[in-house]
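Chemist: what follows is a predicted structure for the sequence shown.
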Amino acid sequence: MATENFQKMIIWQKAMDVTENVYFLCNKLPNIELYALQNQMKRAAVSIPSNIAEGQGRKTSKEFAYFLSIARGSKAELETQLLLCVRLGYLSSEDISITMTLLEEISKMTATLIKKLSSKL
C-alpha cells in the first residue's frame, strides 16, 4: 500500500472540488429543502473525499478498495440527487454540468484504483 498522502491524490482533490460545488449549488435550492434534499446532497458529497481519505489511511489494499467502493456509492447517490434537482426545476442542467463531469472523472478513477488495488490481493 502506498504511503502517499491522500491530499496529493488527484481523485481526492476532484472529490473536494465536487463537495465545494455541491455546497454552492445547495444555496440555490429552496428553503423547504434545507433539511431534506440539501442535507442529503451535502452528506453524499462530503462522503466521497472522506472515504477516499479514510481508505488511503488504512493499512491494506483491501481496506482501501472497500472505502473506495463506499465513495463510489456516495457518488451515485449524489448524481441521483443532482438529477432530481433538475427534474424538480431547482437547478438547470447547466448548473450541474461541471459537477457531473467531475463525478464521471471520479467514477473512472475509482474503478481504475479499485482494479489496481484488487490486483495486489
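Modeler: Arrived safely, thanks for sending.

Chemist: closest to the centroid, which residue in the chain?
Modeler: Ile48 (3.5 Å; Cα atoms, centre = their mean).

Chemist: and it, what pLDDT?
Modeler: Ile48 carries a pLDDT value of 98.

Chemist: ok, now which ones touch it?
Modeler: By Cβ atoms under 8 Å, 6 or more residues apart in numbering, the contact list for Ile48 reads 15, 18-19, 71, 74-75, 78, 106. In this view, the C-beta of every residue, glycine as well, is placed from N, C-alpha and C.

Chemist: Ala53 too?
Modeler: 6-7, 12.

Chemist: in strands only, show me the residues you listed.
Modeler: Per DSSP state E, strands hold no members of those.

Chemist: got the buried residues for the helix or strand where Gln40 lies?
Modeler: Counting by DSSP states H and E, the element that carries Gln40 is helix 37-57. The neighbour-count check on helix 37-57 (16 or more other Cβ atoms under 10 Å) flags 37-38, 40-42, 44-56 as buried.

Chemist: ok so, going back, who wins on neighbours among the contacts of Ala53?
Modeler: Comparing the contacts of Ala53 by number of neighbours (other Cβ atoms under 10 Å), Trp12 comes first, having 23 neighbours.

Chemist: contacts for stretch 56-68, please.
Modeler: Residues contacting stretch 56-68 (Cβ under 8 Å, 6+ apart): 1, 4, 6, 9, 12, 51-52, 54-55, 110, 113-114, 117-118, 120-121.

Chemist: redo that, cut-off 7 Å
Modeler: Under the criterion Cβ atoms under 7 Å, 6 or more residues apart in numbering, residues 1, 6, 9, 51-52, 54-55, 110, 113-114, 117-118, 120-121 lie in contact with stretch 56-68.

Chemist: what's the answer for stretch 113-121, then?
Modeler: For stretch 113-121, contacts defined as Cβ under 7 Å, 6+ apart pick out 11, 61-62, 64-65, 68-69.

Chemist: could you give me the average pLDDT of that stretch?
Modeler: 90.

Chemist: pull out the buried positions in that stretch.
Modeler: Here stretch 113-121 shows 113-114, 117 as buried, counting by 16+ other Cβ under 10 Å.
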